[in-house]
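K.L.:
mind folding the following:
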Amino acid sequence: MQSTASFRVFGSLRLAAAVVAVLALVANFQYVLGFSTFATANYFSYFTQQSAMANVVVLVVSGLLTIRGRSDPRWFAAVHAVVTTYVVVSGVVFAVIVSQSASHHYSLAFPTSSQVLHFWLSGYVLLDWLLAPGRTPVRWRTLWLVLIYPVVWGVFTVVRGRQVRWYPYFFLDPAQVSPQQFELYNGIVLAIFLAVLTALIGLSRARPSHLLRHRTASPTASPGGGTQPEGVGAGVGDEVAGIRSK
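P.N.:
Residues are numbered from 1 along each chain as shown. Alright, predicted model coming up:
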């Protein structure tokens, strides 16, 4: 049975990860200030920066809930899943860009802060989704919501790019890709969003076997004479019920 201590540990880790994300964002901003072509609006136009800032909010809220022994509310579980998807995909896309630059003998240098934003935090949120207690099943209809923000962001970025002559990623720049390549690359990215969120939703709806055994084999009496799962603290007792798929 999941203990109060495990909730507090994972909640504290989420809060610590939020602090790391803020520090990485600040350090990365200070790093790019040294470039002559730097523009503040361009910096905050990157999908990675925007998803990282959203991730900070999600980590703080979910961390506080977990420390209190509570799972995410159903609506927030959907937000949590979508933002986690954005962070993971940001890491995947950046890894592809780095590998492509190496294969074309082009050196792409990036500071530790960028590594944290693209790789370390992506890995952390994925492990957190796999291991943290108090999973709330995410509805499958959340799947299509994951595409709304990337599509809106992409349209805005392309329109803005034509005006300022700048694009955050090569696959959005018509000077670097043909119309066919534009459709191919962006179609692949959207497919990755769907694939990652599909996996996260599936994991959220997988009922842990030890909780199932405890619920069916080790009930405790409730005040009304029925049975209910044994809790480990305020809010944690309701956690098993929250695991049920709906």
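K.L.:
now the strands for the chain?
P.N.:
Using DSSP state E, the strands of the chain run over 220-221, 227-228.
K.L.:
can you tell me the average pLDDT over the last one?
P.N.:
Per-residue confidence for strand 227-228 averages out to 41 on the pLDDT scale.
K.L.:
contacting residues around the residue nearest the centre of the chain?
P.N.:
Residue closest to the mean C-alpha point of the chain, counted by CA atoms, centre = their mean, is residue 84 at 1.2 Å. Contacts for residue 84 (CB atoms under 8 Å, 6 or more residues apart in numbering) come out as 55, 58, 125, 126, 129, 200. Just so you know, the C-beta spots here come from the backbone N, C-alpha and C atoms, and that holds for glycine as well.
K.L.:
surely the fourth one meets residue 88?
P.N.:
Yes. Using CB atoms under 8 Å, residue 126 makes contact with residue 88 at a distance of 5.7 Å.
K.L.:
skipping its backbone neighbours, what lies nearest residue 18 in space?
P.N.:
The shortest distance from residue 18 to any non-neighbouring residue, by CB to CB, 6 or more residues apart in numbering, is to residue 59 (3.9 Å).
K.L.:
and which of the contacts of residue 84 is nearest residue 71?
P.N.:
Nearest to residue 71, judged by CB to CB, of these is residue 129 at 12.9 Å.
K.L.:
count of residues packed around the closest one?
P.N.:
Residue 129: 18 surrounding residues under other CB atoms under 10 Å.
K.L.:
look up how far residue 162 lies from it.
P.N.:
Shown here: residue 129 relative to residue 162, a distance of 37 Å by CB to CB, to the nearest Å.
K.L.:
do you know the pLDDT at the residue nearest to residue 18?
P.N.:
97.
K.L.:
what is the neighbour count of it?
P.N.:
Neighbours of residue 59 under the rule other CB under 10 Å: 29.
K.L.:
which ones are touching it?
P.N.:
By CB under 8 Å, 6+ apart, the residues touching residue 59 are 14, 15, 17, 18, 21, 125.
K.L.:
low-scoring stretches of the chain, by residue?
P.N.:
Applying pLDDT under 70 to the chain flags residues 1-2, 34, 36-37, 100-109, 207-246.
K.L.:
helices - which of the contacts of residue 84 land there?
P.N.:
Among these, the members falling in helices are 55, 58, 125, 126, 129, 200 (criterion: DSSP state H).
K.L.:
who wins on neighbours among those?
P.N.:
Going by other CB under 10 Å, residue 125 tops these with 26 neighbours.
K.L.:
and that residue, what does it touch?
P.N.:
Taking CB under 8 Å, 6+ apart as the test, what residue 125 contacts is 17, 55, 59, 84, 87, 88.
K.L.:
ok, so what distance separates the third one from residue 181?
P.N.:
When distance is defined by CB to CB, residue 59 is 35 Å away from residue 181.
K.L.:
next: residue 67.
P.N.:
47 Å.
K.L.:
cool, and residue 12?
P.N.:
Distance of residue 12 to residue 181, computed by CB to CB: 45 Å.
K.L.:
which residues does residue 91 contact?
P.N.:
Counted by CB under 8 Å, 6+ apart, residue 91 has contacts 118, 119, 121, 122, 123.
K.L.:
ok, for it, nearest residue in space, not its chain neighbours?
P.N.:
Nearest non-adjacent residue to residue 91, counting by CB to CB, 6+ apart: residue 122, 3.1 Å away.
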